[in-house]
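**Student:** Sequence isn't available, so here's the structure alone:
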């Protein structure tokens with residue numbers, strides 16, 4: 001089971017836009033598709049920072065000319081850092097957009113985790129039905 005943080009924005013309560021679950025821990029998509037992942041989550045500043053970091057790393061590799069193993073280690077290291085920070089960046093953006101942390105819930109996937117959360121919050125589930 002995975003652990004998800006639940007973020008709510010109370011005004012309006014549209015279930016597609018006002019309840020967001022973010023997986024806790026490492027983000028593999030952020031590692032593998034860093035810049036595109038940030039753009040897909042509308043993390044504009046993070047995407048710019050990732051692009052700058054990758055460009056700086058590539059320039060350093062070009063000028064310093066390390067061996068192939070060192071190049072791979074540097075690139076992988078940057079990717080791992082982005083993977084570890086990815087979900088935290090999403091949570092920060094949600095906080096700036098007016099979402100409040102409402103708790104944590106576990107589930108095999110986000111849908112099951114959302115169902116478990118709503119089962120424990122009958123008043124919220126009733127608001128969503130109406």
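**Tutor:** On my side now, so go ahead. Just so we're clear, the structure is a prediction, and the values are computed from it rather than from any experiment.
**Student:** For the rest of this, base every contact and every neighbour count on C-alpha atoms.
**Tutor:** Will do.
**Student:** what are the ranges of the strands in this structure?
**Tutor:** Ranges of strands within the chain are 2-8, 19-23, 100-107, based on DSSP state E.
**Student:** next one: the shortest one to chain centre, how far?
**Tutor:** So the one you mean is strand 19-23. 9 Å (C-alpha atoms, centre = their mean, to the nearest Å).
**Student:** how close does residue 31 get to residue 80?
**Tutor:** Applying C-alpha to C-alpha, to the nearest Å, the value for residue 31 to residue 80 is 6 Å.
**Student:** Likewise for residue 95?
**Tutor:** 24 Å.
**Student:** Comparing the two, which residue is more hemmed in?
**Tutor:** Looking at residue 95 and residue 80 with other C-alpha atoms under 10 Å, you find the greater number of neighbours at residue 80, namely 19 against 15.
**Student:** and the more buried one, what pLDDT?
**Tutor:** Looking at residue 80, its pLDDT stands at 98.
**Student:** got the contact list for it?
**Tutor:** By C-alpha atoms under 8 Å, 6 or more residues apart in numbering, the residues touching residue 80 are residue 31.
**Student:** Need the residue closest to the centroid of this protein.
**Tutor:** For the chain, the residue nearest the mean C-alpha position is residue 87 (2.7 Å; C-alpha atoms, centre = their mean).
**Student:** Provide a list of residues in contact with that one.
**Tutor:** 22, 23, 24, 25, 26, 27.
**Student:** Show me which of those are buried.
**Tutor:** 22, 23, 24, 26, 27 (16 or more other C-alpha atoms under 10 Å).
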